[in-house]
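1. With the sequence up front, the predicted model follows.
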Amino acid sequence: METEETNRLTQEEEEEDDDENFKEAWTEDENEEDGGDNDDDLEFRCLFCDSNYSSCDALFEHCRLTHFFDFNGIRKELGLDFYGSFKLINYVRSQVADNRCWSCGVHCQSKQDLQSHLHQSFDAKDVKLILDDDKYLNPFMQEDSLLYSFGGDEEDEDDCNASFDKEEIVKDFGNVCIDDDDTVEDIELNAETYNKDGKTVTGVSNGHLNLTCSSNGITDNGSDYGQSVRSLESHPKDKQSRVYVADIVGKDIKKVNDSYFGSYSSFGIHRDMISDKIRTDAYRQALLKNPSLLNGAVVMDVGCGTGILSLFAAQAGASRVISIEASEKMATVATQIAKDNGLWRSKTDDEGNKNCTGVIEVVHTMVENLDKSIQIQPHSVDILVSEWMGYCLLYESMLNSVLFARDRWLKPGGAMLPDTATIFVAGFGKGGTSLPFWENVYGFNMSSIGKEVVEDAAKFPVIDIINHHDLVTNAAVLQSFDLATMKPDEVDFTATAELEAKFDNMDHKATSCFGVVLWFDTGFTSRFCKETPTVLSTSPYTPKTHWSQTILTFREAVSVASSKFAAEESADVGTNACPASKIILRISIARATQHRCIDISLETAGVSPDGRKCSWPAQIFNLT
């Protein structure tokens, strides 16, 4: 009897175990059905760099914002199906591995050169033809998870409740100015506060982000690039999408900042800047030859590098020099140089060392984070000095950091060095292009190459030296900045300029204007430098500097002549038969979507001696 009872109980226990196992198996099957396709654990490698992302959306948004590769836009433009898109990914990976541009085929010397070369425009016909080759159906990169995941985006589009326009979002975030690591981290944290069902979110308010954009905008064939930033709160359905993009933008900005400050860790770039006699002498003169300004002053040097400007300030009699440097290596170097020259201010000096001769204290941080590294009373600095200028004055976007420091620490009426900046523009002729070189190469005519080079130059800004003899118009002021009073959002601007043909005793001849050249002057004016005002000029009329000039080439040359030229009334304005006596420009410069870069819009019109006008399509240049 006990044996039968024992067997019965054992059988029941086994049946219960089977039931439990069945339930567990059923649950696992359900979980696999519900979440088996979940690629949360997958990592997607960028097509152009070593960045990894947890989703296809994040990767493609990174590629679009950073590498000018709009995967979804290209798929749509080329009408690619799944297999065509599959080929596109393999094709791009194969080209990048060979340091070759996927869109134009240019071979670059290094991966870094390729990153600088990448551009948005491409020939749809050529790329479509390349993708007809079935060899790109073979995965170029082994275990490329992107090849098996990108198709899900289309299936999910109909189920997404928060529809949004990506271009609108880029307009909202394209000019985000985030220059401190904490803000970037906050954005990333906020972007992760959504519940898995996407129903709740901790929003990112416009008050937390320093959102700025051009008030006038950039125009490209009539499309406005300068829409004012809309409040996130006015688009409740788009919150998740917008914070998601903010996450990507924040990460990309941090990456650009790390790369930017890392580039200044090289001694070569500092040697180039210090060796630039025009640059260094202008600052040296402003600091050493204005004793009434410097004697006993508290000076802040934003982006000190080797500390050369801080050394000048200390030499001029400053009582304290706060040298701020975001590159860890250069901050260490600047500290050692200050020590080697007996000008370092140690912590014991702060405690009342009467024999203290050192006045320089180097702080390794971004200026936006300075409060976390050192205690400085607001509005307690007498002089703010910085060599912040980039190509075309505004490239690198360092001016915003200088203005941040000005508004936070400079005393009312305190000195900005420099205190003015002016951008100039003029038209250049054939000598400003590479055409003369290619027209006679060891006696051979290679002008066909020169023409193609000029056509390519119309797509990108060129940083080079222009000889003033090659200018064919007068120079005009494009934009002026008062660095002591300007607002941060005035960095983005739209301005007009009028250029007149410049000829000496050549009233009856015409010549071709191939484009315009931009340069800048910065002034250390008598407002602050009362004894010895000075000007730092990057003009073609002055000795060259490491900034060179910024060259914007027209798609087609415009014939120009003086107003006395006998033009044919029926001829088109800007041709040899009817040269323009004036060229009217409308130029916009604004911070680009890619952090620390700038976009330049160029609109050109010619006016004939009899008043007729001809306009040419707008051009957009991205300075990266």
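-> Received, thanks.

2. Run through the strands of the stretch 401-550 of the chain in chain order.
-> 410-417, 420-428, 462-464, 476-482, 493-500, 510-524, 534-537, 549-561 (DSSP state E, counting those that start in this stretch).

3. Those: which one's closest to residue 585?
-> Nearest to residue 585 among the strands of the stretch 401-550 of the chain is strand 493-500 (4.8 Å), distances taken as C-beta to C-beta. For the C-beta atoms, the positions are set from N, CA and C on the backbone; glycine is no exception.

4. mind listing what that closest one pairs with, with the direction of each?
-> strand 582-591 (antiparallel) (DSSP bridges).

5. Nearest residue to residue 590 in space, please, no chain neighbours.
-> What sits nearest to residue 590 in space, not counting adjacent residues and going by C-beta to C-beta, 6 or more residues apart in numbering, is residue 492, at 4.0 Å.

6. Quick one: neighbours of the one you found, just the number.
-> For residue 492, the tally of surrounding residues (other C-beta atoms under 10 Å) stands at 23.

7. one step back: same list (the strands of the stretch 401-550 of the chain) but as a markdown table, adding mean neighbour count, distance to residue 588 and mean pLDDT.
-> Output for these, formatted as a markdown table (neighbours: other C-beta atoms under 10 Å; distance: least, C-beta to C-beta, whole Å; pLDDT from 0 to 100):
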| stretch | mean neighbour count | distance to residue 588 | mean pLDDT |
| --- | --- | --- | --- |
| strand 410-417 | 18 | 25 | 98 |
| strand 420-428 | 23 | 12 | 98 |
| strand 462-464 | 16 | 19 | 94 |
| strand 476-482 | 17 | 10 | 98 |
| strand 493-500 | 18 | 4 | 96 |
| strand 510-524 | 24 | 12 | 96 |
| strand 534-537 | 20 | 24 | 98 |
| strand 549-561 | 22 | 12 | 95 |
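
8. sorry, back to before: what's the residue nearest to residue 590 sitting at in phi/psi?
-> Backbone torsions for residue 492, taken as degrees, to the nearest 10, come to phi -90, psi 130.

9. Could you list the buried residues of stretch 107-119?
-> 108, 114-115, 117-119 (16 or more other C-beta atoms under 10 Å).

10. Kindly reformat the strands of the stretch 401-550 of the chain as TSV containing distance to residue 360.
-> What follows is the strands of the stretch 401-550 of the chain, written out as TSV (distance: least, C-beta to C-beta, whole Å):
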stretch	distance to residue 360
strand 410-417	16
strand 420-428	26
strand 462-464	33
strand 476-482	29
strand 493-500	36
strand 510-524	21
strand 534-537	23
strand 549-561	34
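
11. For residue 126, find the nearest of these.
-> Going by C-beta to C-beta, the one of the strands of the stretch 401-550 of the chain nearest residue 126 is strand 549-561, 19.8 Å.

12. Strands - which of the buried residues of stretch 107-119 land there?
-> Per DSSP state E, strands hold no members of the buried residues of stretch 107-119.

13. Run through who's touching stretch 135-150.
-> Defining contact as C-beta atoms under 8 Å, 6 or more residues apart in numbering, one finds that stretch 135-150 is touched by 39, 42-45, 56, 59-60, 71, 83, 85-91, 93-94, 97, 130.

14. Quick check: ChimeraX command selecting the buried ones in those.
-> The buried subset of these, as determined by 16+ other C-beta under 10 Å, is captured in ChimeraX by this line:
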select :44,45,56,59,60,71,85,86,87,88,89,90,91,93,94
